[in-house]
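Chemist: sequence and predicted structure are below.
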Amino acid sequence: EIFVSTREAFSLITPAYPSKRIAEIIQRPVEEWKNNLVNDFEKSVFAQYPEIGNAKDKLYEAGAIYASMSGSGSSLYGIFNAPVDKPELIFPGYFIWQGKL
């Protein structure tokens, strides 16, 4: 139930120059994305809304091999090798969608 203003998110972002191109990163195994594929909005949005950063941490604690904020926020997603047992207990009150790619 956290709303992140797109205008605010863009006003606070400090884009970083990536060391690797996205096209190069996504060709690698997903397990390698965590430290290479970064959403620059996360730093400023997580500073403003720590609950969103905490939710991303919970995705990793639940076994995600990659997690990220979608766009300028506030949605997050995680990529898992296996289904999460009872995600509603990990994320009470959150919208949860489980699907296969």
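Modeler: Alright, I've got the coordinates.

Chemist: for the protein, which spans come out with low pLDDT?
Modeler: Scanning the chain for pLDDT under 70 picks out 101.

Chemist: now with 80, please.
Modeler: 99-101 (pLDDT under 80).

Chemist: so which residues of it form strands?
Modeler: Taking DSSP state E as the test, the strands found in the chain are 66-69, 76-79.

Chemist: got the contact list for the residue positioned nearest the centre of the chain?
Modeler: Closest to where the C-alpha atoms of the chain average out (Cα atoms, centre = their mean) is residue 68, at 1.6 Å. Under the criterion of Cβ atoms under 8 Å, 6 or more residues apart in numbering, the neighbours of residue 68 are 37, 39, 42, 56, 76-77. The C-beta positions use only the backbone N, C-alpha and C, and glycine is treated the same way.

Chemist: now render the strands of the chain as TSV, adding distance to residue 86.
Modeler: Below are these laid out as TSV (distance: least, Cβ to Cβ, whole Å):
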stretch	distance to residue 86
strand 66-69	18
strand 76-79	15
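
Chemist: beta partners for residue 66?
Modeler: residue 79 (DSSP bridges).

Chemist: can you get me a residue count around it?
Modeler: Using other Cβ atoms under 10 Å, residue 66 is surrounded by 18 other residues.

Chemist: so it makes contact with residue 33?
Modeler: Yes: applying Cβ atoms under 8 Å as the test, residue 66 and residue 33 come out as touching, 4.5 Å apart.

Chemist: follow-up on the earlier one: need the winner for burial among the strands of the chain.
Modeler: Of all those, strand 66-69 carries the top mean neighbour count, a mean of 20, counting by mean count of other Cβ atoms under 10 Å.

Chemist: my read is that residue 49 contacts residue 74, right?
Modeler: Yes: using Cβ under 8 Å as the test, residue 49 is close enough to residue 74 to be in contact (6.8 Å).
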